[in-house]
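*Asks:* sequence and computational prediction follow.
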Amino acid sequence: MAFWSRLRDLVGGKKSTTPASDPLSGVRWITGSDNPFGVDLLDCRSFSQSMLAVTKDPKVAETYTALRGSSGEQYRGRTPEDSRTCACDLRYPHRGDTRDGPIFKAEAMEDKWDIYFYDGYLYFARSWTGELEYRAHIVFHEDEARVVCVEARRTLVESDPAYPVAAVDYLIRSHLYRLHVPHPLSKSIGQDPRQHALFSFSQYGRYGLFGTLADTTRLRLPAQEQTREPDV
């Protein structure tokens, strides 16, 4: 997390502490002029790094535990329920072979996603319930991988048409390439930072450090950020 340590120094010192009675009190906006991405960021660290994800429903806990051993084969050929397709052109460096199967698995209940690859598609499933949220068609070239469309639930596409593509792009960058990038916030929520922080944790758990309403698919990475080959 060295990069976020450097970003922390740029935006105002150590992670803020918050009263136990109000873990959202430390959530704040950081202007684009005060961070290396050049867009307004919502600092969610004091919330996302202090919260424990728990459920009172034993069936959810059982499902989460059972899914830790899943190969994701059950998603092969499926699309999200009542899905709509969003065309896109997301590009990532890639070399070498690909392999079918799990490529990211949640290690704790604060991790919200399991990601699988089968037959040219990435499948993004919720780690607690196993619900298939996104399917992305990915095409591999000699030194590049391109996501050419994303399928998501109709209600999600209609509420915020740009969000499904931005979410898939973020999950690829953060969970597969392990890049430290801001996550997308949903424009359907408005401007309330507390509501955005709750949404961010529900979507990205402990990965939800900094969010933005800007188009995250177009964000340039700071020069000091390093990439690695994904586990696809």
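*Replies:* Noted; the coordinates are in hand.
*Asks:* quick one: the strands in the protein, in order.
*Replies:* For the chain, the strands defined by DSSP state E cover 28-30, 41-43, 83-93, 101-104, 113-118, 121-126, 132-140, 144-153, 183-184, 210-212.
*Asks:* direction included, what does the third one pair against?
*Replies:* Spelled out, that is strand 83-93. Strand 83-93 has the following strand partners under DSSP bridges: strand 144-153 (antiparallel).
*Asks:* next, the buried residues of the partner strand.
*Replies:* Neighbour counts over strand 144-153 (16 or more other CB atoms under 10 Å) mark 145, 147, 149-153 as buried. Backbone N, C-alpha and C define where each C-beta goes, glycine included.
*Asks:* which other residues reach it?
*Replies:* For strand 144-153, contacts defined as CB atoms under 8 Å, 6 or more residues apart in numbering pick out 79-94, 122, 133-140, 164-165, 168-169, 172, 232.
*Asks:* now do the helices in this protein.
*Replies:* 2-10, 45-48, 58-67, 154-159, 163-171, 193-204 (DSSP state H).
*Asks:* can you check the pLDDT for Pro161?
*Replies:* Note on Pro161: pLDDT of 92.
*Asks:* an error on my part: the question was meant for Ser16.
*Replies:* 45.
*Asks:* return the backbone torsion pair for Ala53.
*Replies:* Note on Ala53: backbone dihedrals following degrees, to the nearest 10 are phi -90, psi 120.
*Asks:* which residues touch it?
*Replies:* By CB under 8 Å, 6+ apart, the residues touching Ala53 are 108-110, 112, 201, 205.
*Asks:* low-scoring stretches of this structure, by residue?
*Replies:* Within the chain, the segments meeting pLDDT under 70 span 1-20, 221-232.
*Asks:* against Leu156, how distant is the residue most central in space within it?
*Replies:* By CA atoms, centre = their mean, the chain has its centre lying nearest to Leu171, at 3.8 Å. According to CB to CB, to the nearest Å, Leu171 and Leu156 sit 14 Å apart.
*Asks:* kindly report the same for Phe104.
*Replies:* As judged by CB to CB, Phe104 and Leu156 stand 21 Å apart.
*Asks:* same thing with Val148?
*Replies:* In terms of CB to CB, Val148 sits 19 Å off from Leu156.
*Asks:* list the contacts for the closest residue to Tyr207 other than its chain neighbours?
*Replies:* Nearest non-adjacent residue to Tyr207, counting by CB to CB, 6 or more residues apart in numbering: Ser174, 5.7 Å away. With contact set as CB under 8 Å, 6+ apart, Ser174 has these partners: 180-181, 183, 204, 207.
*Asks:* can we see that at 10 Å?
*Replies:* Listed by CB atoms under 10 Å, 6 or more residues apart in numbering, the contact partners of Ser174 are 104, 113, 180-183, 204, 207-209.
*Asks:* which of those residues sits closest to Ser48?
*Replies:* Minimum distance to Ser48 across the contacts of Ser174 is 4.5 Å, recorded for Gly208 (CB to CB).
*Asks:* many thanks, I have nothing further to ask.
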